[in-house]
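Student: fold the stuff below for me.
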Amino acid sequence: MWALPPVHGLWAFQQVFDAWAYRPTQERLEKIWPLAVALAEGIEQVLPKGPDGIRRYAISASPEFGENTPKSVTLKGNTTYDRSITCGFFKEVARLAAAKGDDARERHWLEMAGSLGG
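Tutor: Predicted coordinates:
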């Protein structure tokens with residue numbers, strides 16, 4: 001149940017982003033930018049927009065539901081954990097885009113962050 005959720009990659013990326021944010025050099029930015037874009041574009045593909053305009057994962061899970069059993073999995077949309085990790089990730093990618101001077105991508109990723117409901 002916890003092996004392959006897409007948010008695990010986003011959580012791991014936070015460590016990469018934090019290292020860049022601590023010492024934001026152009027060299028580091030160029031190294032992490034391709035990874036950031038690939039993750040962001042991939043996550044965008046698995047977050048379809050619902051009829052209400054909110055993007056949701058098809059399956060979402062969180063250990064605080066169902067006492068860490070299969071009951072923890074929901075088909076109803078984003079758990080707080082999934083939504084917060086994903087929103088933070090898109091904001092980080094927007095910040096990287098801003099550092100690159102890419103205003104269009106910065107706006108896009110901020111819009112993605114805002115499209116998760118909440």
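Student: which helix or strand in this structure has the lowest average pLDDT?
Tutor: Lowest by mean pLDDT, DSSP states H and E among the helices and strands of the chain is strand 73-74, with a mean of 66.
Student: which SSE is the residue nearest the centre of the chain in?
Tutor: For the chain, residue 86 is the residue whose C-alpha lies nearest the centre (Cα atoms, centre = their mean; 2.7 Å). Assigned by DSSP states H and E, residue 86 belongs to helix 80-100.
Student: export only the CA atoms of that helix, formatted as CSV.
Tutor: Extracted in CSV, the C-alpha atoms of helix 80-100 (Å, rounded to 0.1, in the frame of the first residue of the first chain):
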residue,chain,number,x,y,z
THR,A,80,-4.2,16.0,3.3
TYR,A,81,-0.7,14.4,3.1
ASP,A,82,-0.9,13.9,-0.7
ARG,A,83,-2.3,17.4,-1.3
SER,A,84,0.2,19.1,1.0
ILE,A,85,3.3,17.3,-0.5
THR,A,86,2.1,17.9,-4.0
CYS,A,87,1.2,21.6,-3.5
GLY,A,88,4.6,22.2,-1.8
PHE,A,89,6.3,20.4,-4.7
PHE,A,90,4.7,22.6,-7.4
LYS,A,91,5.6,25.7,-5.4
GLU,A,92,9.2,24.5,-5.3
VAL,A,93,9.2,23.9,-9.0
ALA,A,94,7.7,27.4,-9.6
ARG,A,95,10.5,28.9,-7.4
LEU,A,96,13.1,27.1,-9.6
ALA,A,97,11.4,28.4,-12.7
ALA,A,98,11.6,31.9,-11.3
ALA,A,99,15.3,31.4,-10.6
LYS,A,100,15.7,30.4,-14.3
